[in-house]
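Undergrad: Provide a 3D model corresponding to the input given below.
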Amino acid sequence: MSQAARRQPVDNKRAALWLLASAILFTGMSVLVKMIGRDLHPFQISLFRGVVSMLVIMPFLMRAGGIVEGIKTQVPLLQFGRGLVGSVAMFLGFYAIVYLPLADAQAISFSRNLFIVPMASILLAEVIGVRRAVAAAVGFVGVVIMLRPGTDMMGSPAALAALGHAFLVALATILVNIASRYDKPVTLMFYTNVMTIGLIAIPTFFVWQTPTMEQFVMLITMGVLATSAHNCFIRAYAIGEASAIAPVDYSRLVMAAIAGFLIFANVPDAYTILGALIIVGASFYIIRREAQVEKQKKFSSEGAAPR
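TA: Residues are numbered from 1 along each chain as shown. Below you'll find the predicted structure:
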C-alpha cells in the first residue's frame, strides 16, 4: 500500500503486533487443517472455510449499508474473476498443508512475493529494474531447492499445489490492488466467499463425509481462525510500512516448523532450511527495494524509477 493510499497514521509497532497475531492465527489454522485433513478431503475443509467466513463478515456487510449495498460492485466481472482465483488458491493451499510438512508448505507459499514481480510488470505496467528481477530469480532458485530436483517431491501433486497456491495468491494480490480502487474491502471478501462456496460445493458433494462433533468443532474453529488472521493481516498493513513489518510475517516459518515437529513429528531437512532462507531473503530484499523506490518517487519529479 502506497503512502498516498494510506488513510491511517503509520504505527509500525502496533502494525507488527497485528502481524504477529496474524502469524499465530494462521499457524493455528494450518495445524487444524492438517489434523482435519487426516479424515476429511481438502474440498470439504475449503467449503467450511468459505461458509464460516461468510457468516463472520455478514455483520460488516450490514454496517456497510445493508447486504444489498454491501455487495454492490462497479466491476462485477473483475470481482468474480478475483474471487475465482482466490478460492482456487485457498484450496491448493489447504491441499499442500494436508499433504506436505507444514514448514515446506509455508516456505513455498512465501514465493508469492517473487511471482508478484513479473505480474506487476505485465498487469500493472510497473517498471521492473535489474535488481528486483535478479532478486526474484534468486528466490526461485530457493523454490527449486525446496522441490528437491531428482526426487519424487519435484512432481508430487502436493508440491505442485503449493507452488500453484503461491502463483494464484500473487495474481489475487494484483487483482485486489485493482478491485480495491472501486469497491470496499468487505465487498471483496464477499465475492471471494461466494465463489469459494459455489465452486467448491460441487466437488465436495462427491467426497462428502459427515463430520463427527469433534471434527465439526475443529472446522468451525479453523474458519474463525482463518478469518481472524486475515483481518489482523489487513489491519497490520493498513497502519504499517511493509518494509518495516514484513520480517514479522516470516515468523510463520518458524512457528510452522515448531508446530510440525511437536505435533506431526516433521523435522525440516537441509533442503527446506536452505530453500526457505533463500526465498525469505529474496522476498525481503524485494520489499525493501520497493520501499526505497517509493521514497525516490516521493522526492523526485523524474517519474517512475526502475525497480
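Undergrad: which parts of this protein are helices?
TA: 12-36, 42-63, 67-70, 76-99, 102-109, 112-123, 130-147, 157-179, 185-207, 213-239, 242-249, 251-264, 270-299 (DSSP state H).
Undergrad: list the helices and strands the third one packs on?
TA: Contact partners of helix 67-70 among helices and strands, from 3 or more CB pairs under 8 Å, 6 or more residues apart in numbering; DSSP states H and E: helix 42-63, helix 185-207. Just so you know, the C-beta spots here come from the backbone N, C-alpha and C atoms, and that holds for glycine as well.
Undergrad: can you list the neighbours in contact with the longest one?
TA: In this structure, residues lying in contact with helix 185-207 by CB atoms under 8 Å, 6 or more residues apart in numbering are 41, 43-44, 46-47, 49-51, 53-54, 57, 60-61, 64, 70-73, 79-80, 82-84, 86-88, 90-91, 176, 179-180, 230, 234.
Undergrad: try the first one
TA: By CB under 8 Å, 6+ apart, the residues outside helix 42-63 that reach it are 33, 36-37, 67, 70-71, 87, 90-91, 94-95, 98, 186, 189-190, 193-194, 196-197, 200-201, 203-204, 207-209, 211, 219-220, 222-224, 226-227.
Undergrad: try 7 Å this time
TA: Where contact means CB atoms under 7 Å, 6 or more residues apart in numbering, the residues beyond helix 42-63 that reach it are 33, 36-37, 67, 70-71, 90-91, 94-95, 98, 186, 189-190, 193, 196-197, 200-201, 203-204, 207-209, 219-220, 222-224, 226-227.
Undergrad: just want the angle from it to helix 157-179.
TA: Comparing the axes of helix 42-63 and helix 157-179 via axes from the mean of the first three to the mean of the last three CA atoms, to 10 degrees yields an angle of 20 degrees.
Undergrad: and helix 42-63, how far out from the chain middle?
TA: 16 Å (CA atoms, centre = their mean, to the nearest Å).
Undergrad: how about that helix: buried residues?
TA: For helix 42-63, the neighbour count (16 or more other CB atoms under 10 Å) marks 42-54, 56-57, 60-61 as buried.
Undergrad: ok, now the last one?
TA: By neighbour count, with 16+ other CB under 10 Å as the criterion, the buried positions of helix 185-207 are 185-197, 199-200, 203-204.
Undergrad: restricting to C-alpha, output that helix in CSV.
TA: Only the C-alpha atoms of helix 185-207 are listed here, as CSV (Å, rounded to 0.1, in the frame of the first residue of the first chain):
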residue,chain,number,x,y,z
PRO,A,185,-12.8,-4.5,1.4
VAL,A,186,-15.8,-6.3,2.8
THR,A,187,-17.2,-6.4,-0.8
LEU,A,188,-14.0,-8.1,-2.0
MET,A,189,-14.3,-10.6,0.8
PHE,A,190,-18.0,-11.3,0.0
TYR,A,191,-17.3,-12.2,-3.6
THR,A,192,-14.3,-14.4,-2.6
ASN,A,193,-16.6,-16.4,-0.3
VAL,A,194,-19.4,-16.6,-2.8
MET,A,195,-17.0,-18.0,-5.4
THR,A,196,-15.5,-20.4,-2.9
ILE,A,197,-18.9,-21.8,-1.8
GLY,A,198,-20.2,-22.0,-5.3
LEU,A,199,-17.1,-23.5,-6.8
ILE,A,200,-16.1,-25.9,-4.0
ALA,A,201,-19.6,-27.2,-3.2
ILE,A,202,-19.8,-29.3,-6.4
PRO,A,203,-16.7,-31.4,-5.9
THR,A,204,-17.3,-31.5,-2.1
PHE,A,205,-20.6,-33.4,-2.9
PHE,A,206,-18.7,-36.3,-4.3
VAL,A,207,-16.2,-36.6,-1.4
